[in-house]
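A.B. asks: sequence-free structure coming up:
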Ligand SMILES: [Zn+2]
């Protein structure tokens, strides 16, 4: 007896939080990567069953002299974490 394993159908529909519904065909691997809101240096994105944050502050090691700037990054990260918790 042959058992066929069917792949779960890919859901191409954007979740409510997706802010860029114009997905290119090139990103359709396991489904589109959806882009949520940006919180300063933090952006949130996700695909099928994977919602995560990306922090873009330039190089891997970032020199931040200003406590104000550092405090703003920290506040952005807290807001992004709260968004992830609310949308998972
Ligand atoms: Zn989308």
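C.D. replies: Arrived safely, thanks for sending. None of these values were measured; they are calculated from a predicted model.
A.B. asks: For the chain, which element, helix or strand, carries the lowest mean pLDDT?
C.D. replies: strand 50-55 (a mean of 83; mean pLDDT, DSSP states H and E).
A.B. asks: continuing past that strand, what's the next helix or strand?
C.D. replies: Sequence-wise, the next helix or strand downstream of strand 50-55 (DSSP states H and E) is helix 67-87.
A.B. asks: and the angle for that next one with strand 50-55?
C.D. replies: Counting by axes from the mean of the first three to the mean of the last three Cα atoms, to 10 degrees, helix 67-87 lies at 170 degrees to strand 50-55.
A.B. asks: Pull the residues that contact helix 67-87.
C.D. replies: With Cβ atoms under 8 Å, 6 or more residues apart in numbering as the test, helix 67-87 has contacts from 15, 17, 36-37, 39-44, 51-53, 55, 57, 64. For every residue, glycine as well, the C-beta is placed using N, CA and C.
A.B. asks: Name only those of these that count as buried.
C.D. replies: In terms of neighbour count (16 or more other Cβ atoms under 10 Å), the buried residues within these are 36, 39-44, 51, 53.
A.B. asks: Before I go, just wanted to say thanks for your time.
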